[in-house]
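Peer 1: what would the 3D arrangement of this be:
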Amino acid sequence: MFHFGFGPTLRSVLIVLVAVSFAVNLAVVQRCLAQAIKEFTPSLHVSTEYTNNVNLEEDDEESDVITLISPRFKLARIMRTSELALVYSPTLSLYAKNDEDNTLRQNVRGEYSKSLSKRLRLTLSDQFIRTEELYRGPEEDFALGESELPPEQREDTTRRSRDLRYTNNFQVGLDYAYGRRDSVGATYSLGQVWEEGTDAEDSTRHSLNTNWTHWMTQQWGTSVAAGYTRGSFSGETDTFNEWSGDVRLSHMFSRHLTGFVSYAHTAVYYAGDDEDYTIYDPGLGMDWTFAQEGTASVRVGYYFRDEKDNDLEKGVSVNADISQNWDVSKRTAFRLFGGSGYENTYFG
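Peer 2: Residues are numbered from 1 along each chain as shown. Here you go, the predicted model:
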């Protein structure tokens, strides 16, 4: 017998109504626009996941097999200077042992982009998700390792149950391309998480990120990235402000291989009793295109974590990801990807 959590709170209902309103407005705008390419793309994705610790428990591990059945519908309209898209992907998650966790997940995403000039482009997006799954990092950023935070801080916001949660992520960005490989951009994002579990915390995240890439010659280039994140929580977790930066000097050895030296810096300041800390992380890496549809990126660094009244922590940091696509036929493709790294899991 399957059990589905169809008891949305008033807040989640309002979010769903906003998503539906976005879809209706998108359809109206589409009818008003002329001379555009219309696209409707349905697809179906079925997968099976095995986990030996379904609730991330340290003392009471339990295995399970989760089957995911996910149809996907994409509606898009591409115009000369702008694009509109709406993607809806419900997912039926079926647990072999814990059938009380069976859920119909919801994922709605709207995207809009427009060229304000020949070199300047505006992008807007909003995504609403209803799910019972535990924390997962960004889909295209294969960061799977431990956070640099100590265990007592990581446990503050890590989910230990399959209770429903609702998330909404809004993002707006500007990108200016002033050369073939030269660009500068800025992105603001607002992320909100609402938890139905009694032991979990709601959270709000404001982030502002900027980046600049400039190639001084055909072989030598540099990039600078800076970011600010403010996180606040409904429970005991302290509000914090995180400042981060990354500087990179790159050398193109060939059309397919680029090496770089980089330095990443992170500083976190808490509004409560938690100790502020700073991470220094110099490193070396390379970007390699080894096939027409194959890429690899590797960075190896040595970090130093400095926290007041505690000994200096240090160790090797490794970030790597690799992906390869194979076209089996005109209608079928196969992709292999994987990676490792670390990330801040405060909002998971």
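
Peer 1: which parts of the stretch 151-300 of the chain are helices?
Peer 2: Assigned by DSSP state H, counting those that start in this stretch, the helices in the stretch 151-300 of the chain fall at 151-154.

Peer 1: ugh, typo on my part, it should be the stretch 1-150 of the chain
Peer 2: Assigned by DSSP H, counting those that start in this stretch, the helices in the stretch 1-150 of the chain fall at 10-32.

Peer 1: report how many residues lie close to residue 178.
Peer 2: Neighbour count for residue 178, taken as other Cβ atoms under 10 Å: 10. Where C-beta positions appear, they are placed from N, C-alpha and C, glycine not excepted.

Peer 1: now do the contacts for it.
Peer 2: Applying Cβ atoms under 8 Å, 6 or more residues apart in numbering to residue 178 gives the contacts 119, 184.

Peer 1: ok, it to residue 207 distance?
Peer 2: 25 Å (Cβ to Cβ, to the nearest Å).

Peer 1: again, but for residue 123
Peer 2: 15 Å.

Peer 1: just give the nearest non-adjacent residue to residue 186, would you?
Peer 2: In space, and not counting its chain neighbours, residue 186 is closest to residue 210: 4.7 Å by Cβ to Cβ, 6 or more residues apart in numbering.

Peer 1: that neighbour touches residue 188, doesn't it?
Peer 2: No: with contact defined as Cβ atoms under 8 Å, residue 210 and residue 188 do not form a contacting pair (10.1 Å).

Peer 1: where does the stretch 201-348 of the chain dip in pLDDT?
Peer 2: 331-345, 347-348 (pLDDT under 70).

Peer 1: and the strands in it, which stretches?
Peer 2: Here the stretch 201-348 of the chain has its strands, by DSSP state E, counting those that start in this stretch, at 203-215, 220-233, 240-252, 257-270, 277-291, 294-307, 313-327, 333-340.

Peer 1: can I get the ones you listed in a markdown table with distance to residue 182?
Peer 2: Formatted as a markdown table, the strands of the stretch 201-348 of the chain follow (distance: least, Cβ to Cβ, whole Å):
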| stretch | distance to residue 182 |
| --- | --- |
| strand 203-215 | 5 |
| strand 220-233 | 9 |
| strand 240-252 | 13 |
| strand 257-270 | 15 |
| strand 277-291 | 17 |
| strand 294-307 | 20 |
| strand 313-327 | 24 |
| strand 333-340 | 28 |
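
Peer 1: any idea which of those gets closest to residue 130?
Peer 2: With respect to residue 130, and counting by Cβ to Cβ, the nearest of the strands of the stretch 201-348 of the chain is strand 203-215 at 16.3 Å.

Peer 1: list the buried residues in the closest one.
Peer 2: Neighbour counts over strand 203-215 (16 or more other Cβ atoms under 10 Å) mark 203-205, 207, 209, 211, 213, 215 as buried.
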